[in-house]
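Engineer: Quick one, structure for this:
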Amino acid sequence: MKSTTFQWQGQQYDVAQLMGELFAPERRQQYDPQLWQQFGHLRKKRFLRRYRRHVESLLALAMVPIAGQDILDCGADFGLPSIFLALAGAKTAHSLEPEQNYVDTFDAFRAIFPADLPVFVRQGDAAAMPYEDNSFDVILTMDAISHCRDITGFFKETCRVLRPGGVLIVADSHNGANPWQVKRMRRRWAMLENGREGSGHHRPIAKSFLQQRREIISEAFPFLNQDVVDSLARGTSGLSRGETLAVVHYFTDTGAKPQHFYQHGTCPIDPVTNQYATLLFNPLKLRDEMAYYGFDVQAYAYFGGSRSNRIAKVNNWLTHKVPTRLTIWLANAFRIVARKKV
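Structural biologist: Have a look, this model is predicted:
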């Protein structure tokens, strides 16, 4: 069983204790609310051990060590994986996150961890990475590729900033080869876009993308009546805030209404973050596309494995011993290991 302690620079650190300080109730107002929603469970040791096992298992799948590596976590949320990787011996652990408020939250709790820990978190776009060529040995992306709006740009940038022989590891829990997951996700997409309830097991949403666009348009163009605003909001599906405002400006100048209507079965785009809600990828097709950009690629069906050692053994057998082409349609998640050609 993985512990919650690390030996780093000759000292022992108990991450459970550090997480307890990070998630102290009096600190809650300092952070983006999503930190508590997504990671608040890491206050408990069993979840913390599971999370550590999950992060380290990705490097093990690619058969690369953590120690001595320059590692980038792309689409990193609040940068917590980089903390684990640095404590586990990474030479440097970087996080790239598109949301500035997530980076600000990391800055707010950074002082809890050792000051000289080689962790670096910055805001940026995965399709235009703010790093030099050949900067990293390993790039991780965990449940982030499904939100990327420019997947081609991401592959090109990954190939640029990885060193020859470096590895891109993709872990995603949205498997487009699983027909049941596709069916569920299509209902979820419709609910996110239009505010419909969808199937009963989905969590309700606070505000649909359609309503967000209504508010964006109403705020920028208060002279438009609500019927016009509603029509414009429906005609700007799949557009970011800036793109929405641009086409509405064009409408006010020319009278031409936008025609970007939502198509059922397509993944909508969050107009605030300019990211896909949750794209589905068929990992076998994704594998072939990544090979085009200069990678040697392996795709794996993933059935979990971080909950306990016994479950991990069963899931690892399904992942490694049974051909992926036979199991991929059953798995909710997938893993891809892509090594940049030398």
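
Engineer: So, low pLDDT: which residues of the stretch 201-342 of the chain?
Structural biologist: Where the stretch 201-342 of the chain drops to pLDDT under 70, the residues are 201-205, 305-323.

Engineer: can you do 80?
Structural biologist: Scanning the stretch 201-342 of the chain for pLDDT under 80 picks out the ranges 201-206, 304-326.

Engineer: swap in the stretch 1-150 of the chain?
Structural biologist: For the stretch 1-150 of the chain (pLDDT under 80), the answer is 1-2.

Engineer: Show me the residue at the heart of this protein, geometrically.
Structural biologist: A144 (2.1 Å; C-alpha atoms, centre = their mean).

Engineer: how about I217, what does it touch?
Structural biologist: When contacts are counted by C-beta atoms under 8 Å, 6 or more residues apart in numbering, I217 touches 224, 229, 232-233, 236, 244-245, 248. Using the backbone N, CA and C atoms, a C-beta is placed for each residue, glycine as well.

Engineer: Go through the residues you listed and give me the one with the most neighbours.
Structural biologist: T236 (30 neighbours; other C-beta atoms under 10 Å).

Engineer: Run through the residues that contact the residue nearest to it when sequence neighbours are not counted.
Structural biologist: Closest residue to T236 apart from its sequence neighbours, by C-beta to C-beta, 6 or more residues apart in numbering: T244 at 4.5 Å. T244 sits next to 213, 216-217, 236, 271 when contact means C-beta under 8 Å, 6+ apart.

Engineer: Quick check: the residue nearest to the centre of the chain touching C74?
Structural biologist: Yes: between A144 and C74 a contact is recorded at 6.3 Å, counting by C-beta atoms under 8 Å.

Engineer: buried set for stretch 144-158?
Structural biologist: 144-149, 151, 154-155, 157-158 (16 or more other C-beta atoms under 10 Å).

Engineer: again with stretch 260-271
Structural biologist: Buried, per 16+ other C-beta under 10 Å, within stretch 260-271: 262, 267-271.

Engineer: which other residues reach it?
Structural biologist: 149, 185-186, 189-190, 192-194, 209-210, 212-213, 216, 234-241, 244, 247, 275-280.
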